[in-house]
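**Q** coordinates only, sequence not included:
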C-alpha cells in the first residue's frame with residue numbers, strides 16, 4: 001500500500017532585538033513500494049461446489065525488471081483449534097485454467113505446481129513500470145465452511161531475489177446466506193387399487209444455512225382423491241388451513257394464518273478429518289384420500 005508522507009519545516013529568525021518563529025505549510029507526498037500486490041475474487045459469495053475465479057495483480061513500480069517471481073496461493077487453508085497436530089484444511093480446489101497477462105497483453109497459460117495446502121505459479125519477468133495479472137479459477141470443496149456468516153480468506157505471497165521482502169495480499173469471500181430447497185414426492189401403496197386409500201408424502205429439504213419461510217405447496221392430484229386429510233409433520237391440519245378444489249391442492253390456503261417453514265441445515269465438521277457434513281432441515285407434508 002502506498003504510504004503518505006507529511007513534512008513541515010520550521011524557521012527561527014531575529015529582527016533587531018526581537019526574535020521570531022514561523023512554520024511552513026504541510027508538504028505531502030506518496031511513497032510507493034517498488035512492487036505492489038493485490039488480490040480480487042470475482043465472486044461475491046459461495047456455497048457448495050461454487051466456482052470462484054481470482055485475479056492476482058502484481059505491479060512493478062520500479063525502474064528495473066523483476067525476474068523469477070514465485071507466487072504462492074494458500075487456497076484459503078485454515079487450522080481447527082481442536083484438530084490434532086495442527087492439521088491444515090484447504091477449502092478451495094484449483095481447477096484452472098490460469099492465464100498470465102503482462103502490461104495488458106496476453107502472455108501465456110500458466111500451470112501451477114501443487115504443494116501441500118497451496119499452489120505455486122512461476123513468472124519469469126515483469127518489466128519496469130508494468131503490471132502482471134494472473135487469472136485463475138477455484139471451486140469450493142468438502143472443507144469449505146457453510147454455516148451462516150462463514151467466510152474463506154485466500155492469501156497470496158510473492159517472492160523474488162529482486163525483492164527485499166515477501167509481498168502478501170488477501171481476498172475474503174463470504175458464504176451465501178440463503179435457503180437451498182429440494183422436494184421429494186412419494187405415493188403409497190404401490191400398486192394402489194381403485195377405491196383404496198392413497199397417501200402422498202412430500203419431504204421438503206433445506207440444505208441452506210437460512211430458514212425458508214412462508215412456504216406454499218401446490219399440486220394437482222389425479223385421479224382426484226376424495227375426503228382428503230392433511231398433516232404437517234405430525235400435526236393434523238384443519239380444512240380451513242388448506243385449499244382443495246377440483247384436484248388442485250394448496251397448502252396453506254390463501255386466507256389461512258398457517259405459516260410453513262423449513263429449518264436451516266446443520267453443518268458438522270469432523271475435528272480430525274476436517275470434512276464438513278450437511279444435515280438438511282426437513283418438513284414433511286402428508287396428504288391422504290380415497291381414489
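**A** Nice, thanks for sending it over. Predicted model, so just to flag it, every value in this text is computed and none were measured.
**Q** tell me the spacing between residue 18 and residue 190.
**A** Residue 18 sits 109 Å away from residue 190, going by C-beta to C-beta, to the nearest Å. The way it works is simple: take the backbone N, C-alpha and C, and place the C-beta from them, glycine included.
**Q** and for residue 172?
**A** In terms of C-beta to C-beta, residue 172 sits 50 Å off from residue 190.
**Q** and these two? Which one has more around it.
**A** When residue 172 and residue 190 are compared for neighbours, residue 172 comes out ahead with 12 against 7, by other C-beta atoms under 10 Å.
**Q** which strand or helix spans that one?
**A** Taking DSSP states H and E as the definition, residue 172 sits inside strand 167-175.
**Q** mind checking the SS state of the closest residue to residue 25 other than its chain neighbours?
**A** Spatially, and ignoring its direct neighbours in sequence, residue 25 is nearest to residue 8 (7.4 Å; C-beta to C-beta, 6 or more residues apart in numbering). The local conformation at residue 8, judged by DSSP: H, G, I helix; E, B strand; the rest coil, is strand.
**Q** give the contact list for residue 8.
**A** 23, 24, 25, 26, 27 (C-beta atoms under 8 Å, 6 or more residues apart in numbering).
**Q** can you pull up the bridge partners for residue 99?
**A** Applying DSSP bridges to residue 99 gives these bridge partners: residue 109, residue 135.
**Q** measure it to residue 279 for me?
**A** Counting by C-beta to C-beta, the gap from residue 99 to residue 279 is 39 Å.
**Q** what's the answer for residue 13, then?
**A** Counting by C-beta to C-beta, the gap from residue 13 to residue 279 is 80 Å.
**Q** ok, now residue 233?
**A** Using C-beta to C-beta, residue 233 is found at 17 Å from residue 279.
**Q** and if you look at residue 145?
**A** Separation of residue 145 from residue 279 (C-beta to C-beta): 15 Å.
**Q** which one's more surrounded, the two?
**A** residue 145 (20 against 10).
**Q** who's in contact with residue 92?
**A** Counting by C-beta under 8 Å, 6+ apart, the residues that residue 92 touches are 52, 75, 76, 138, 139, 140, 141, 144, 152, 154.
**Q** hmm, residue 39 and the first one touching each other?
**A** No: the pair residue 52 / residue 39 is not scored as a contact, 11.7 Å apart, by C-beta atoms under 8 Å.
**Q** more neighbours: which of the two?
**A** A count of neighbours by other C-beta under 10 Å puts residue 52 above the other of residue 52 and residue 39, at 23 against 19.
**Q** please name the nearest non-neighbouring residue to that one.
**A** Residue 52 sits nearest to residue 43 (C-beta to C-beta, 6+ apart), 4.6 Å away.
**Q** what's the burial count for the one you found?
**A** Residues contacting residue 43 under the criterion other C-beta under 10 Å number 16.
**Q** what's the answer for residue 72, then?
**A** A count of neighbours around residue 72, defined by other C-beta under 10 Å, yields 19.
**Q** quick check: bridge partners of it?
**A** In beta-bridge terms (that is, DSSP bridges), residue 72 pairs with residue 120, residue 157.
**Q** so what's the residue count around the closest residue to residue 226 other than its chain neighbours?
**A** Using C-beta to C-beta, 6+ apart and skipping the chain neighbours, the partner closest in space to residue 226 is residue 290 (5.1 Å). Using other C-beta under 10 Å, the number of residues around residue 290 comes to 13.
**Q** for the strand or helix carrying residue 107, name the packing helices and strands.
**A** Element membership of residue 107 [criterion: DSSP H and E] is strand 105-110. Helices and strands touching strand 105-110, by 3 or more C-beta pairs under 8 Å, 6 or more residues apart in numbering; DSSP states H and E, are strand 98-102, strand 130-140.
**Q** to residue 87, which of those strands lies closest?
**A** strand 130-140 (19.0 Å; C-beta to C-beta).
**Q** summarise which helices and strands the closest one is packed against.
**A** For strand 130-140, the packing partners by 3+ C-beta pairs under 8 Å, 6+ apart come out as strand 51-60, strand 92-94, strand 98-102, strand 105-110, strand 118-126.
**Q** that one versus strand 118-126: what angle between them?
**A** 160 degrees (axes from the mean of the first three to the mean of the last three C-alpha atoms, to 10 degrees).
**Q** need the residues that contact strand 130-140.
**A** For strand 130-140, the surrounding residues in contact (C-beta under 8 Å, 6+ apart) are 46-60, 69, 71, 75, 91-104, 107, 110, 112, 121, 123, 126, 152, 154.
**Q** how about low-confidence regions in this protein?
**A** Residues of the chain that meet the criterion pLDDT under 70 lie in 1-4, 29-33, 82-86.
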